[in-house]
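Q: okay, here's the prediction I keep looking at, along with the sequence it came from:
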Amino acid sequence: MESPASVPAPTGSSVGPDPLPSPLPSSLGEGPGLEVAQRATVRPGASSKFDRPGSEVRPTRRHFDIATKLRILREADLCTQRGGIGVILRREGIYSSLLVRWRKEREAVAKTHLVKKRGPKAAAVNPLAEENRRLQKALARSEARLKKAELVIELQKKVAKLLGEPYLPGDLDEND
């Protein structure tokens, strides 16, 4: 077996200083192997973070403000000639998919802000309403118990008066 240093590097590989593979010779002809090789190659103008190992500069995405989006959409809506939208897209440097997305966003905003729902307005749910209801029920129960207790005390007073025993509020036990 040969040592790795004596094995020559295959031609057309990305090993070495040139990150792009060498073009395939035209003598290979047509065939499925050629299509795979062409799909695996990197376009010479393509850029990636691996093409710039020493570069600290990263490409940034363009952000369009609302006024610019609306201006471009208005111009695209006014186009009546064939190819007019393409001219606008090339001038602005954007794709048609971005124009479609902006139109959908514009329609969504228009639907939410311009369309009013019919019928009665739904009451806003108060977060304290449930606790308020629970406390009111507890208060009603306590007031009913108090009323019963007052009736029992009145009855005890009347019984004590009939039996001739003087009623003293401290004489009764709480457990009776």
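A: Yes, it's here.

Q: now do the same contact list for the closest residue to residue 95 other than its chain neighbours.
A: Spatially, and ignoring its direct neighbours in sequence, residue 95 is nearest to residue 89 (6.9 Å; C-beta to C-beta, 6 or more residues apart in numbering). Every residue, glycine included, has its C-beta placed from N, CA and C. Listed by C-beta atoms under 8 Å, 6 or more residues apart in numbering, the contact set of residue 89 reads 95, 96, 99.

Q: how close does the residue nearest to the second one when sequence neighbours are not counted sit to residue 102?
A: Pointing back at residue 96 there. Using C-beta to C-beta, 6+ apart and skipping residues adjacent in sequence, the residue nearest residue 96 is residue 89, 6.1 Å away. Note on residue 89: its distance to residue 102, by C-beta to C-beta, to the nearest Å, is 12 Å.

Q: with residue 66 instead?
A: Residue 66 sits 10 Å away from residue 102, taking C-beta to C-beta as the criterion.

Q: out of those two, which sits in the busier spot?
A: Neighbours per residue (other C-beta atoms under 10 Å) separate residue 66 from residue 102, with residue 102 holding more: 19 against 11.

Q: hmm, residue 71 and that one touching each other?
A: No - with contact defined as C-beta atoms under 8 Å, residue 102 does not reach residue 71; the gap is 10.9 Å.

Q: mind listing the helices for this protein?
A: For the chain, the helices defined by DSSP state H occupy 32-40, 66-78, 84-92, 96-114, 129-163.

Q: pull out the buried residues from the fourth one.
A: If I follow you right, that is helix 96-114. In terms of neighbour count (16 or more other C-beta atoms under 10 Å), helix 96-114 has its buried residues at 99, 102.
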